[in-house]
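> quick check, what structure comes out for this input:
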Amino acid sequence: MNALRFATLVGSLLAASTSLTQAQKALIYTVDIDPKTQDLFQVQLEVPKLRKEQSIYQFAATAPGTYQVMDIGRFVRKFEAFDAQNKPLEVKQASVNQWQLLQPEKTRFIRYTIAETWDTPVTEHRVYRMCGTSLEADHALLNGQGIFGYLQGWQAKPLRIKLNYPADWKIGTPLTTDKQGYYTAKNYDQAVDSPFLLGRLTEARTKLGDAEVALYCFSKTDQVKAEPLLGYMQKMLGAAQAFLVQLPVKRYTFLYHFDDQSAGAWEHSYSSEYVLRETPLTPESANGITSIAAHEFFHVVTPLNIHSEIIEQFNFVQPTGSEHLWLYEGTTEWASGMMKLRGGLVTLEEYLQEMSGKVAYAQTRTDTTYSLSKLGLNSFSDEGQSQYGNIYQRGALTAALLDLRLLELSGGKRGLREVMNELTKRYGPNKPFSEKNFFEEFTKLTYPEIGDFLNRYVKQAEPLPLQEYYAKVGIRYSPVLHTGQQVVALGAHNPSYRLVSNTVQLTEVPATWQSCGVAVGDDLLAVNGTAITPTSLRSTMQELQKGKAGEEYELTIRRGGAEQKVRCRLIQQEQIKRYNFAVLPDATPAQLALRQAWVKNL
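Residues are numbered from 1 along each chain as shown. Predicted coordinates:
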């Protein structure tokens, strides 16, 4: 054997040895996914030699991006430990999310049964469906924190994950497999950040620059297929790429679950997952799906590339709020709207109508004195959760005004998009910013005036200067606009509502409805016999108002568990537009110049 061949052989053996050593150091999880097990997952963890420091096995109390208490330990049904000879060892439950190994030095295997979160009843803190786990006859959804725990002190250990599931199922996940077919995660955080959707799926792929995008879709009755859905999303993805200049990821995975109800979406660093109601795929329904995806996709910027140490070193034991939730969610919501506007997916008028809806929500359905900073810090509490929806409303509005202010100060040369791209380069996935000092860092990167802006509208909750700021780009904002036109209406104002177990519960009713016998707290079930859902309410009300003044219509409500029908009449009144944005036809040259910079990618 010549020297070159010998060196090559030695190198290969060393590489194989190193690979084997690294694999042996990893924590090896095996998950049995059997639809016959009545909503239960069987999990085994094979571990190297433990010390007393690893005597606690921890399940997650929460997870990044959910801002809710999960307490996954509630779903554990059986927890056991075994030695190398497969003999049982004593364990005890130390708290709702912790199990103690009484002989950690002898432990080689940990086995437990854990119930899915979707169909398991709990008395409080129900886990959001898109953030949970589900096991059905033809599919399963796995989120890492709902399946895996970790040994105390070993959150940073690498994982190798083996999934056993029906042979005819397909699997979608952002994780990749090693040569032995194990999915690999560099640590527990990445495992939580990497969901799995399995089952009777359709699949589609595309390229976005040099990034590969995959889409997996489960549709209960096959009304939605991956290929046409991805086709509808192409324009949004192109607009996102133009907005971001260059995608900060090389791979991205969309996971879609279409069934009997909508729960929302959950972002991850290299993927996002969606639990939505199944309806036929049409341009209208695809537009709604794409709008949600635009928000989740932008999360590849924040918090993936821009986040504080609270996100970088996530505390799965004790939920900890971040003051910069406004940045993670509010700025992302703003960006999803602006990328659609600048990419030509919506008109300026349509964009302004969306912003009007955000103002209405922020003004009528939340505490206007509750600051974005306070909301971030209290996001895991029941108090914070009651205000949480405002992060997508006031949070996005605040980001929109910040963008306008930056453009004004820079003479139209640098808006929030440009600053976010600068922050991405400054930090990145593995370099967090300071939770405590970020406001100061952001101000130094921009202008002294921005410090005052952040103090007044993020740290505090001063009324947003919508009229003043939008006037800079020749747009008039009117909290109340009397048009002088007569229109058919339900009453002096439309009803307000909240969702309770996916039911529309009325929180404010017009006087005309009160006179018909409708009260605050009633569940609105149907209009003229047509069932009401959260997604159909707005269109149903709009259709109703196409009638003539004086016409009767029937409402089906539920009060105290009993259904009843009431009859009301449409009225005629002056059209009053609230929270109205309108493009000024006589804008000044300065306003037009700034508007031109505002509606395009610089």
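> please count neighbours and contacts with C-alpha atoms only from this point.
OK.
> ranges for the strands of the stretch 501-602 of the chain?
Remark: strands assigned in the stretch 501-602 of the chain by DSSP state E, counting those that start in this stretch are 503-508, 523-527, 530-531, 552-559, 562-569, 571-583.
> deepest of those, which one?
strand 523-527 (a mean of 21; mean count of other CA atoms under 10 Å).
> other SSEs contacting it?
For strand 523-527, the contact count by 3 or more CA pairs under 8 Å, 6 or more residues apart in numbering; DSSP states H and E identifies strand 503-508, strand 552-559 as packing neighbours.
> could you give the angle of the longest strand seen in the chain to strand 562-569?
As assigned by DSSP state E, the longest strand anywhere in the chain is strand 475-489. Using axes from the mean of the first three to the mean of the last three CA atoms, to 10 degrees, the direction of strand 475-489 lies 100 degrees away from that of strand 562-569.
> only alpha carbons, please: show strand 475-489 as PDB.
Taking C-alpha atoms only, strand 475-489 is exported to PDB below (Å, rounded to 0.1, in the frame of the first residue of the first chain):
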ATOM      1  CA  ILE A 475     -52.500  60.600   3.400                       C
ATOM      2  CA  ARG A 476     -55.300  61.900   5.600                       C
ATOM      3  CA  TYR A 477     -56.300  60.000   8.700                       C
ATOM      4  CA  SER A 478     -59.700  60.700  10.200                       C
ATOM      5  CA  PRO A 479     -60.800  59.000  13.500                       C
ATOM      6  CA  VAL A 480     -64.400  59.900  12.500                       C
ATOM      7  CA  LEU A 481     -65.400  60.900   9.000                       C
ATOM      8  CA  HIS A 482     -68.900  62.100   8.200                       C
ATOM      9  CA  THR A 483     -69.600  61.400   4.500                       C
ATOM     10  CA  GLY A 484     -73.100  62.900   4.300                       C
ATOM     11  CA  GLN A 485     -74.300  59.900   2.400                       C
ATOM     12  CA  GLN A 486     -77.200  57.700   3.500                       C
ATOM     13  CA  VAL A 487     -76.600  54.000   3.700                       C
ATOM     14  CA  VAL A 488     -78.300  50.900   5.000                       C
ATOM     15  CA  ALA A 489     -76.900  49.700   8.300                       C
END
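> what about Val224, how many neighbours?
Look at Val224: counted by other CA atoms under 10 Å, it has 22 neighbours.
> how about it, secondary structure?
Following DSSP: H, G, I helix; E, B strand; the rest coil, the label given to Val224 is coil.
> also the one 3 residues further on?
State at Glu227, reduced to three classes by three-state DSSP: helix.
> enumerate every residue touching it.
202-205 (CA atoms under 8 Å, 6 or more residues apart in numbering).
> rerun at 10 Å
Glu227 is in contact with 202-206, 215-217, counting by CA atoms under 10 Å, 6 or more residues apart in numbering.
> next, work out how far apart the spatially closest residue to Lys577 that is not a sequence neighbour and Arg578 are.
Nearest residue to Lys577, sequence neighbours excluded (CA to CA, 6 or more residues apart in numbering): Leu481, at 5.0 Å. Noted for Leu481: a distance of 6 Å to Arg578, by CA to CA, to the nearest Å.
> rewinding a little: tabulate the helices and strands packed on strand 523-527 (TSV), appending mean pLDDT.
Converted to TSV, the helices and strands packed on strand 523-527 look like this (pLDDT from 0 to 100):
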stretch	mean pLDDT
strand 503-508	85
strand 552-559	92
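> can you get me a residue count around the residue nearest to Lys577?
Other residues close to Leu481 by other CA under 10 Å number 14.
> repeat that for His139.
24.
> pLDDT score assigned to the residue lying closest to it once chain neighbours are set aside?
Of all residues not flanking His139 in the chain, Gly199 sits nearest, at 3.9 Å (CA to CA, 6+ apart). Note on Gly199: pLDDT of 98.
> could you shift the numbering so residue one becomes 18, and keep it that way?
Sounds good: first residue 18 from here, last item Gly216.
> who does Gly216 bridge with?
Counting by DSSP bridges, Gly216 is bridged to His156, Lys187.
> for it, give its distance to Gly198.
Taking CA to CA, one finds Gly216 at 18 Å from Gly198.
> ditto for Gln592
64 Å.
> and if you look at Phe275?
Taking CA to CA, one finds Phe275 at 28 Å from Gly198.
> where does the spatially most central residue of the chain fall, secondary structure wise?
With distances taken as CA atoms, centre = their mean, Trp283 lies nearest the centre of the chain, 3.3 Å away. Under the criterion of DSSP states H and E, Trp283 resides in strand 281-284.
> quick one: mean pLDDT for that strand?
Strand 281-284 comes out at a mean pLDDT of 93.
> surely Glu153 meets Tyr182?
No: counting by CA atoms under 10 Å, Glu153 stays clear of Tyr182, with 11.7 Å between them.
> tell me, what's touching those two both at once?
In contact with both Glu153 and Tyr182: 50-52, 216, using CA under 10 Å, 6+ apart.
> Gly216 and Gly198: which is more packed in?
Taking neighbours as other CA under 10 Å, Gly216 and Gly198 compare with Gly216 leading, 22 against 12.
> wait, doesn't that one sit right on Ser151?
No: assessed by CA under 10 Å, Gly216 is found out of contact with Ser151, at 11.4 Å.
> give the intersection of the neighbour lists for the two.
With CA under 10 Å, 6+ apart as the test, Gly216 and Ser151 both reach 157-158.
> which non-adjacent residue is nearest Tyr387?
Looking at Tyr387 with CA to CA, 6+ apart, the closest residue is Ala478, at 6.2 Å.
> correct me if wrong, but the one you found is in a helix.
No: per three-state DSSP, Ala478 lies outside any helix segment and is coil.
> who are the contact partners of it?
384-391, 411, 472.
> 7 Å instead?
When contacts are counted by CA atoms under 7 Å, 6 or more residues apart in numbering, Ala478 touches 386-388.
> could you break this protein into its assigned domains?
39-216, 218-317, 318-490, 500-595 (automatic domain parsing).
> can I get stretch 266-281 as PDB, trimmed to CA atoms?
Output in PDB follows, covering the C-alpha atoms of stretch 266-281 (Å, rounded to 0.1, in the frame of the first residue of the first chain):
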ATOM      1  CA  VAL A 266     -31.900  30.900   5.100                       C
ATOM      2  CA  LYS A 267     -31.000  28.200   2.500                       C
ATOM      3  CA  ARG A 268     -34.000  25.900   3.300                       C
ATOM      4  CA  TYR A 269     -37.500  26.700   4.400                       C
ATOM      5  CA  THR A 270     -40.500  24.400   5.000                       C
ATOM      6  CA  PHE A 271     -44.200  25.300   5.100                       C
ATOM      7  CA  LEU A 272     -46.400  22.700   6.900                       C
ATOM      8  CA  TYR A 273     -50.200  23.000   6.300                       C
ATOM      9  CA  HIS A 274     -52.900  21.200   8.200                       C
ATOM     10  CA  PHE A 275     -56.500  21.700   6.800                       C
ATOM     11  CA  ASP A 276     -59.400  20.200   8.700                       C
ATOM     12  CA  ASP A 277     -62.500  21.400  10.600                       C
ATOM     13  CA  GLN A 278     -61.300  24.500  12.300                       C
ATOM     14  CA  SER A 279     -58.800  27.400  12.100                       C
ATOM     15  CA  ALA A 280     -56.400  27.900  15.000                       C
ATOM     16  CA  GLY A 281     -53.600  30.000  13.300                       C
END
